[in-house]
Structures are given as structure tokens and as C-alpha cells.
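Undergrad: Predicted coordinates and the sequence they were generated for:
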Amino acid sequence: MFDLESEVPPLPPKYRFKDLLLGDQNLRNEDRVQVEFFPNECTFKGRLKLFFIKNQRSSLRIRVFDFSLKVLSCVLYMYRVLAEDPAKEHGCEIIKINKNDPCFFNQQVFVAIICLFETLLATYLSCKGSIWEQILQFKFILEMVNTVPFLISIISVPLRNLFIPVFLNCWLAKKSLEIMINDFHRATQRTQSAMFYQVVILISTLFCLIFTCICGFQHLERAGEKKLTVFDSWYFCIVTFSTVGFGDVTPSVWPSKLLVIIMISVALVVLPMQFEQMAYLWMESQKSGGNYSRRRAESEKHVVLCVRSLKIDLLMDFLNEFYAHPELQVYHYVIILCATEMDPQVRRVLHIPLWSQRVMYLQGSALKDKDLIRAKLDNANGCFILSSRCEVDRTAADHQTILRAWAVKDFAPKCPIYVQILMPENKFHVKFADHVVCEDEFKYAMLALNCICPATSTFITLLVHTSQGLEGSQSPVQWHQTYGTCSGNEVYNIALMDSVFFSEYIGKSFTYTSFHAQKKYGVCLIGVRCKDSKSILLNPGPQFRMSPSDTCFYINVTKEEESTFKTQRTRLSVIADMGNVAVDLQDREIQPSSGPTLCLPPEDIKSSGRRPSMDSVLGVPDPSFLHAGDLNSDQSEDETLPSNKDQSTEKHMKGYPPNLPYIGSSATLCHLLKDKVPFCCLRLEKGCQHNNFEDAKAYSFKNKPIIVSAETAGNGLYNFIVPLRASYRLRKDLNPIVLLLDNKPGTPFLEAICWFPLVYYMVGSIANLDDLLRCGVSFAANVVVVDKESTMSAEEDYMADAKTIVNVQTLFRLFSSLRIITELTHPANMRFMQFRAKDCYSLALSQLEKKERETGSNMAFMFRLPFAAGRIFSIGMLDTLLYQSFVKDYMISIIRLLLGLDTTPGSGFLCCIQISEEDLWIRTYGRLYQKLSSTVGDVPIGIYRTESQTEDSLEVQSSFRIQTTSTTGDFDDLKEQKGGAPPAASGGLHRSSTSSDPSDIKAPLLRRKSVQWAQKLNRRGPRGDQRGAHKGSKRSLRTRRSERQELSELVNNRMKSLGLSSSTHGKGHSNKVNDVWDPLGFIPVAVDTTDSLGSKTSLGEPAQTETPL
């Protein structure tokens, strides 16, 4: 090793500390080197070039001056021509002219000298190579022809009468105009469209051709017999170039004929080239969409829609929902910024006058500032950034969305951003956005609630669509009219002190306010937000007192500001007011049955025939007022469980999941295991050292399992499990969850689900019958089929759901009474779900859907039975949620609370209450509202009605429901089996809300009208031979029976080969009813359910009646 310090040379004496303080004053001059930058600009030529060429503003001034000189020379030429007398003889008329006015001649010479000097200077400054390249240019030669003769005429007096074609300066003026436009764009930093530039060039070229022909033809015809004026020459040029050719004015000398030939040849070459370039630019501008003007952006309001590719369905959903609000229909415009070329269908729609004046399509990218400038994003009122859900790689689609959101935020920080993201793990990247909707979160939470609260997806979809409730008004079927009218309910907000609905209840409890507002005005108060809090509380309960500064959230057909109030003195038995439907039922004796009830009235009151009274809803909170209800009371605590509880409950606890699968996941209090389950025990079909079970039947579940079929175990699937394991659900009612996955889940996902009780997974496919039987499909409560990512894209858009539809149809045919909930990519494909080619009622609904679409309905598919029953869901139906948030900024928060994605202390949740026969003493929806409010503090917000599918459905029963609706299927087959009489539904003793005829007890009016309506719409021609039809019906029925027997035998054989017991399948799926009548395999349980908003126990569907058949 050598000494490093010895290798460093000492500092020279001149770098002493004193020199560092005093600077370099003591340094010698020879140690300095002066560096000069841009020495070329310091020369005389460099300074001239900087002024005339490089400097943008000075160069623009020079170009304007040059253009003015050229125009002035042409004006002076025309003045000379118009001032001379054509009747005088001049000898050689073509070469010589008279220049008798010396003042006018001096002006021309002065202009020529300036033009010549400017041309020589510009040639000198722009010369880079050989000087001959500049001299031989057409511009330089033409400049010399128009200026040098004037200098010669100064020296030689006889040459002053020499003709000089000064009118050719128009071509030099055209060239100066082109350069001037370029310099103007550089100086102002504003880029006009290329189309504008091309139009200017075309007009200037056409003007120069006509002007040159006019001046040249007029001058050459001076040698002819007939002297032509400028106007005559102009007339001749227009007639000739327009190919009319009257023949009254013709060239008489050969030079003029030669000029006409040359000009027509030049026009045939130059003009088509100009038109071609302009047509090309026009087509390109049509593709790119042009620019949104700054003047319109400053005087009008607009929003920007950023998408990767735009389909017609997405566009129409956005436009219909965005312009459904009256305040947006006049002054708001939509600018679409799309990276791809406009789709032909989109182009046709945007040509419709309704949209052509409101929507502008711009082809560009949100990552380019110039495209954002074109869209005037900095002046926009909002920017919607939508993801491309049809991409196979959804992660890549989210990454593109994230970059677009970042680019928009960087360009316009003050512009509100509305982002749609696909996968929940990418949500935290766009947390800065004003509103974010994660598809996987909403999708899985909604599918989960569909299993425990029927038709939750239908309720949410109707709630987030803007409608006036006119759907179904032309249908003769009662449930169509009720269902369509109530679909117009939406969520609105208003300050309590400004509200007519709620201002009189200041200081009262929330439950009291909600009940009396519903009773008096027909509105449903579901939530409230305090002034000092940003959180919304859904049904905070009777202990919450209303304050004047609170904001109320209510469900109604329209907002309060657009309502008029009329005092109603008469009392009607049927109340249909503002979206709430109350139906009076006929008083009948009810057989008591087992199960929960809504506090049955005393027997003496019930036998007397008068209406039982109910407890009043207290306006001031009273701890003793909430007593335990018999139905849906809070029994989630351990002390409320029976004493003979299973020992496995000791392993359970309540807490927050310790392993969240992604950043931004909301913490929800859930039922958890004290010790996590080993990964080997999570797999259903494979035994391990802890158990040897290989199928769902071996586990002996107390409750029916819920099967979820998905392609991969994504992080969004976690949101399916959380709502089903939430702490407010009854522990004894927890359904086992079986995940049927095409691919094996990863370790992070297993770490997240291993703490939840009764959660299993199985690697298999829904297309494999053996896998379905192993996971317990024969006795499952629900089967949820999630749309697979690999099938979301197809060559034909609507074919993306083909595999899912066929698999579900096979499952439906094998297990016809199984409740299947399916997610589709395209909502239009729901008509193929559980398809029957000869189902007259489904065909009638198809015609009804077409009529609704012709009337302009945005929800034409709402009458499809799978959708109305909550069996079909498409995430595209929730796109309107993001669009509504532009006007209703609270909608996303409310929907997240309803679905259980977010939890707020003191807020309620969604649940359903089954209405049994013993509960029908309540009689009306209004009394049900009072009963729930006065007992458990719940707020009912809707009724889900269905029809029994049991064997007793074919016979008249003494029991009845809140409402029974018409049946579908092959009515002729049913008529044949029952001796010509239509089968009665489970609610056969129901009196319709539109009829009081007691004869309707045996034949319900709704049923009779629905079936007759369906048969009338599907009648193809005159009635044929009744005997032949009877035989055909028998043959069809025998075929259906044999097909059902074959399918049942197939399933039984497969279960036997797998070592599974087939008794469950035979018991649940091989009954007489399915052999004879299976019109609606997707109809849910044979009871009516009422959904409610609970302060502690429940939360429910909107104040509208959903009446699927």
C-alpha cells in the first residue's frame, strides 16, 4: 500500500485562502479564456437573418409588407388598364402601351425597386449552397421579369412604353400568403386546422388563375379587331372555366388562343391536385373530429368522455343517462376523446339531429396534451374515464385507465374526474379522482346479496337508471304497469330545513320521520347526513334525532322541487302514490304455521273481523320502545343462540379480517374463525390429514351451500365472501360457500379466505357434470356463474356470452329447480337465458320489449323474466352509476353502503324479510311500514313478489300471499292436464288491487289477463283443427316427460359412479310438477319477501314494487 496523501500534489501559491476570499483579482490575464457563443449571429449577415427570417414576429411583419407590395402592384396595373381609352390606336398593341401619366409611372417604378431590393436581400440571406439554385427558382425569375424592366425604363426613355406583365405578381402574392400563414402560426403559437390552410391555398390558386387569364386575355385581344374591356374578359374566363361556353366572346388572335390553351391546361393539372388534397384532409378531419372551439368552451359547459374504444351500447347508455336530467339538456355538451377511429354505428347515431348538436367526436389520446387542448379539457365541467372491459388482459386495461387519469389530472388539476376501474387492486392508483367505481367490487358484492336478498341486482339497476316510470303503461297486465311505474323511483337529497317532506319533523327520531313522511307524502326516507360529517347514515335508527342542518336522502319518483302538493281528503282502499304501492287483501282465516311471524294479533281480534291495531311510531327515542320482533330480530350475538348450540360455534368470533387482499379494501366486521383453516382443508374435493371428505355431501352442511363458478380467484372475489360473512348476519344462517374455479387460487387469496368459516374452493369447471355434483349442486341454495375474462372478447361482440349461456342452459335443464344467478357481458343476451322456443309468454315479453324500445325506453329489457327475478346481471348495467354521480355526487356512497362495501358506525344494512301466510294480517304496505318501524326500527323500501312452484300450485289453496302473479309456460298443456281449467297459483285466494269481484278468488284476475295477453300476442293465424292441436299437445307433453326422465337418469348414474347418494337429486328434482309443468325454472322461493333498512338488523330494496312472475 502506498500513501495516498503523498500522491496528492500541493496547491500552487496562487490558490491561497486569501485568493479564495478576494476572488481571482490577482490571477494573471493569460490564464483567462473568453468564450463567445453564437458568433455567426454577431455578423452583419447573421443579424439580418435573425431579423428577416429567424425572429418570428419580425419575419411575420416582413411577410405582410411583401404581400402588401405584391397586391399594390396588381392594383396599380388594374388602375392603368381601366384608365386607358381602348378606342385609341397604338400601333403594336401587344408589346407597347401608352404611359402618359408620369406620376402613375413613378409609383410603379418605386414599388418595383422596393420589391427587387427585398428579393435580392432574401436570396442573399437564404442562400446556403450554390447561388444558381436560388437564381433559377421560378419565384426569382418571375420577380426579375416584373421589376427589372422598370429599372431599365428609367435609363432608356423609349422603353418606358414597353408592356410589363405586372399582373403576374398575384402568384408572388400567393406565395407570400402561404409563408405569412406559417409565420403567423409560429408567432401566435396557435395551430389552425390543416383544412383551413388548404382551403386558403385553393381559393388563392383559383383566384390567381382567373386573374391571370382576365388580364392576359384582355391585353392580347388589344391586337384584335374588337377591343375587349376588363368586364368582357372576366365574363369570358368565367364562362370558359365553368365549361359553359356560350360562344358570344371568343379569342380573335393566336396569342390569346394560346393563352387560353395554357390556362386551361394549368387549371386541369393544378386544381384537381388541390381538390384531392382538400378531400383527403376533409376525410382525415372527419376521422379525427376537428377541434372544440375556445369560444364555445368559455361560453358553454361541456364534459369530456375518454375511452379507448367506443361501442354503440356504451355511447347510448352514457347519452341517455347524462341527458336524462333536465338541467343538462340545454347548456351541456359532450366531447368524446377516443383513441380509435369512429365506429360506423356510432357515426350514424351522431348524425341524428338530436345528438349532432350536442356531441362532438375527437380522435386522439388523453396522454397527448395537444389532444386535450383540442377537447378544451381545462374548461370542462368533468372528465369521464372509462375502462375497456372487453379486453382479455384486464390488468393492462386498468393500467391504461390509470395513465389516462394521471394525464388528465396533470393537465387540468381543477377538472372533476370520474374514473371507472376494473380490478380492485388498482383502485388506490386513482384515489385522487373525485368519483371511482370499481367493477369487480360492485359486481361480486351484488351477486352475493342476490343469494340472500332476492333481486338485489334488479333493485340496484333500476335505482341507478333515470326513468319517468312510463315503462309498461301500455301493457294490459297489471304487474307490468306496477313494475314499470315503480321503476321510476330514484334517490334524491334535500336539506331538512328546506324540505316540505321532512321539515315538520325537526327534533323527531329518524324512524318517526321516515314513517310519517311515507304515510303523508309517499316518499321513503332511507338515510341522513349530518352537517359536520361526510358520512351518510342509512337508517340510523330511532335513537337518531333529526336536525335542521341535516341532509335527507329519500326514494321517490321525482325530487321534491319538481313536485306539487295537493291535499287528499278521500281515503282509498288502493293507494298508489309516488312509487309506493299498498294493496288491501281480502280478510280470510289463516292457518297458523311454523316459522317466524310479524307478531300475530290476538285471536279475539282476529276472529272479530276488524283490523288489528298497531303500536305507534314514537317521535322521541325511548329505550323501551324497541322490543324484540319475531321476525328478523338481531340474534347475531352469542347469548341469543340456543343453549344446545354446536360446539363448532365456540371456534367462531367477530372481528376484522386480518389479511386484506388489496390496498383500499374496506374493513368490515365479520364472522371469523379463531384459528385459520389450513390450506389443505380449504380444498373441497381432496381429503387431507385433517379430514377425508371428497365431496360437499360428506360435510353434512346444515344450510344449503352457495356455489360460485369463476375462472380465477381474483381479489374481487373477496367482496363476494365479505357480505355473506358480515357480523350482522345470523351465525346459524350462514351458508357454506364453494368456489368452483377453473384455475387453482394463489397463496395470497387463500391467506385472505382461510379466516372465514365454511368457505371452500374446488378446481373444476361448470361445464363438467362431475365437478358440479362433487361441489353439491344437487342440493345447493344458489349457483352463481361469473362471466369469464377469457370469453369477454370475441370477433362478434355479442358472442362473448355464448359459452356462459350454453353452460347455464345445460345446468338449468339438468337441475330445473336450481336457483342460478348469471353474469353476462352484454345485457341484450339475457333473452337467451333458460330459453324455451315454444314459451308463449316469453315470446310475448319479447314483443313488449320491442315496443318499449320503440317508445325510447332506456330500460326495455326490464320486463324480461330473468332480469325481473334477479337471475341475470351485467356489470354494464351499473355504468349509469358513474354517470349519475355527475349530478348526484352521493350515489356511489349510498350504493356502496347498500351492498356492504363500506360500513359506517350507526348505519344500517340490507336484508330481506320473508312474508308468510301468518303475516298477512298486516294487510297493506303502509301498515307493514308502521309495524317494522314501531317494533324493530326497520325501514321497508320494497317488495319482491314471486309465485310458488310446488306441486300444490296446480290446486286451489286456502292460503294466499301479498300478491300472486300470472304464470307462464305452455298454457295448452296445462289446460289439457287439468281438464280445461287453468291452474291456480299458490296465491289463488288473492283479490287483485284493481278488482273487488269475489269471483276472482277462484281465477285470479292477474293470472287470467296475463295468460290471455300472452296467447293473444303469440297467435299466428286462425285456429285450426282442435283435435289435431290436442294430439300435438299430448305428443309434446310425452316428449317433455321422456326428456326429463333421461336427464334425471343421467344425473343419477353420474352420482352413483362418483359414489354420491342420488336421493337428494330425486327428492328435489324428480317430481311430478317438473314433469308436467316447468314454465319458470328461475322463479325463486315460494314466499314473498319484504326488504327493509334496519338500524341494527336489516336494510332493504327501494320503495317500489318489483313483481316478477
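TA: Yes, it's here.
Undergrad: and the helix or strand hosting Ile943, average pLDDT?
TA: Using DSSP states H and E, Ile943 falls within strand 939-944. Over the span of strand 939-944, the pLDDT mean works out to 87.
Undergrad: what do you get for stretch 904-922?
TA: 84.
Undergrad: ditto for stretch 380-396
TA: Mean pLDDT, computed over stretch 380-396, is 86.
Undergrad: Pull out the buried positions in it.
TA: 380-391, 394 (16 or more other Cβ atoms under 10 Å). C-beta: built from backbone N, CA, C; applies to glycine.
Undergrad: about what we covered before: what helices or strands is the strand holding Ile943 leaning on?
TA: Using 3 or more Cβ pairs under 8 Å, 6 or more residues apart in numbering; DSSP states H and E, the elements in contact with strand 939-944 are strand 524-529, helix 925-935, strand 1088-1094, strand 1104-1106.
Undergrad: on that earlier part again, from the buried residues of stretch 380-396, which land in strands?
TA: Per DSSP state E, strands hold the following members of the buried residues of stretch 380-396: 382-385.
Undergrad: would you list those in TSV and tack on distance to Leu920?
TA: Formatted as TSV, these follow (distance: Cβ to Cβ, whole Å):
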residue	distance to Leu920
Gly382	49
Cys383	52
Phe384	47
Ile385	51
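Undergrad: any idea which of the residues you listed is closest to Glu685?
TA: Ile385 (42.4 Å; Cβ to Cβ).
Undergrad: For the closest one, list the residues it contacts.
TA: Taking Cβ atoms under 8 Å, 6 or more residues apart in numbering, we find Ile385 in contact with 306-307, 366, 401, 404-405, 408, 417-420.
Undergrad: Poorly predicted segments of the stretch 1001-1109 of the chain, please.
TA: Along the stretch 1001-1109 of the chain, segments meeting pLDDT under 70 span 1001-1044, 1061-1109.
Undergrad: Swap in 50 and give it another go.
TA: For the stretch 1001-1109 of the chain, applying pLDDT under 50 flags the ranges 1001-1007, 1011, 1020-1029, 1066-1088, 1095-1109.
Undergrad: just the chain next, same as before
TA: The model of the chain has pLDDT under 50 over residues 1-2, 4, 89-91, 570-596, 625-647, 949-1007, 1011, 1020-1029, 1066-1088, 1095-1109.
Undergrad: Show me the residue at the heart of it, geometrically.
TA: For the chain, Asp879 is the residue whose C-alpha lies nearest the centre (Cα atoms, centre = their mean; 4.1 Å).
Undergrad: Pull the contacting residues for that one.
TA: For Asp879, the contact set (Cβ under 8 Å, 6+ apart) comprises 314, 317-318, 321, 386, 420.
Undergrad: Show the subsequent helix or strand relative to the host helix or strand of it.
TA: Using DSSP H and E, Asp879 maps to helix 879-884. The helix or strand immediately downstream of helix 879-884 is helix 891-899, counting by DSSP H and E.
Undergrad: Just send the contacts of Ile385 back as TSV, with neighbour count, distance to Gly469 and secondary structure too.
TA: Below are the contacts of Ile385 laid out as TSV (neighbours: other Cβ atoms under 10 Å; distance: Cβ to Cβ, whole Å; DSSP: H, G, I helix; E, B strand; the rest coil):
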residue	neighbour count	distance to Gly469	secondary structure
Cys306	28	33	strand
Val307	23	31	strand
Ala366	27	37	coil
Thr401	25	35	helix
Arg404	25	36	helix
Ala405	23	36	helix
Val408	24	36	helix
Ile417	22	32	strand
Tyr418	22	26	strand
Val419	27	31	strand
Gln420	25	27	strand
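Undergrad: still on that earlier bit, using CSV, write out every CA atom in the strand holding Ile943.
TA: Only the C-alpha atoms of strand 939-944 are listed here, as CSV (Å, rounded to 0.1, in the frame of the first residue of the first chain):
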residue,chain,number,x,y,z
VAL,A,939,-87.5,0.9,7.1
PRO,A,940,-89.0,-1.2,4.4
ILE,A,941,-88.1,0.0,0.9
GLY,A,942,-89.7,-2.5,-1.4
ILE,A,943,-91.5,-5.8,-2.0
TYR,A,944,-90.2,-8.7,-4.1
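Undergrad: Distance from it to the middle of the chain?
TA: Centroid displacement of strand 939-944 relative to its chain, using Cα atoms, centre = their mean, to the nearest Å, is 28 Å.
Undergrad: Show me what counts as buried in it.
TA: 939-944.
Undergrad: How about stretch 217-237?
TA: Across stretch 217-237, burial judged by 16+ other Cβ under 10 Å covers 217-223, 228, 232-237.
Undergrad: picking up where we left off before, dump the buried residues of stretch 380-396 into TSV; add distance to Val806 as well.
TA: Shown next, in TSV, are the buried residues of stretch 380-396 (distance: Cβ to Cβ, whole Å):
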residue	distance to Val806
Ala380	44
Asn381	45
Gly382	41
Cys383	40
Phe384	35
Ile385	35
Leu386	29
Ser387	27
Ser388	25
Arg389	21
Cys390	19
Glu391	23
Arg394	23
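Undergrad: OK, contacts around Lys851?
TA: Contact analysis of Lys851 by Cβ under 8 Å, 6+ apart lists Gln474.
Undergrad: now it: how far from His480?
TA: Per Cβ to Cβ, to the nearest Å, Lys851 is found 11 Å from His480.
Undergrad: ok, which stretches of the stretch 251-400 of the chain are strands?
TA: Using DSSP state E, counting those that start in this stretch, the strands found in the stretch 251-400 of the chain span residues 301-307, 332-338, 359-363, 382-385.
Undergrad: of all those strands, which lies closest to Ser778?
TA: Closest to Ser778 of the strands of the stretch 251-400 of the chain is strand 301-307 (Cβ to Cβ; 44.4 Å).
Undergrad: Pairing partners for that closest one, with directions?
TA: Applying DSSP bridges to the sheet, strand 301-307 is found paired with strand 332-338 (parallel), strand 382-385 (parallel).
Undergrad: could I have that strand exported to CSV, CA atoms only?
TA: Extracted C-alpha coordinates of strand 301-307, given in CSV (Å, rounded to 0.1, in the frame of the first residue of the first chain):
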residue,chain,number,x,y,z
LYS,A,301,-70.5,23.9,-20.5
HIS,A,302,-69.1,20.6,-21.6
VAL,A,303,-67.8,17.3,-20.3
VAL,A,304,-65.1,15.1,-21.9
LEU,A,305,-65.6,11.3,-22.2
CYS,A,306,-62.2,9.5,-22.6
VAL,A,307,-62.4,5.9,-23.8
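Undergrad: what sits up against it?
TA: 292, 296, 314, 318, 322, 331-339, 366, 375-377, 379-386, 388, 404, 408, 886.
Undergrad: ditto for stretch 659-671
TA: 424-425, 427-428, 431, 652-657, 715, 718, 722, 725-727, 729, 731, 734, 748-749, 751-752, 755-757, 900-903.
Undergrad: Could you rerun that using 6 Å?
TA: By Cβ atoms under 6 Å, 6 or more residues apart in numbering, the surrounding residues in contact with stretch 659-671 are 424-425, 427-428, 652, 654, 656, 715, 718, 722, 725-727, 731, 751-752, 901-903.
Undergrad: Quick one: distance of that stretch to the chain centre.
TA: In terms of Cα atoms, centre = their mean, the centre of stretch 659-671 is set 28 Å apart from its chain centre.
Undergrad: can you map out the helices along the stretch 201-350 of the chain?
TA: With DSSP state H, counting those that start in this stretch as the criterion, the stretch 201-350 of the chain has helices at 230-241, 254-288, 294-299, 312-322, 344-350.
Undergrad: Let's have these in TSV, adding distance to Tyr554.
TA: TSV is the format used below for the helices of the stretch 201-350 of the chain (distance: least, Cβ to Cβ, whole Å):
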stretch	distance to Tyr554
helix 230-241	72
helix 254-288	46
helix 294-299	36
helix 312-322	21
helix 344-350	35
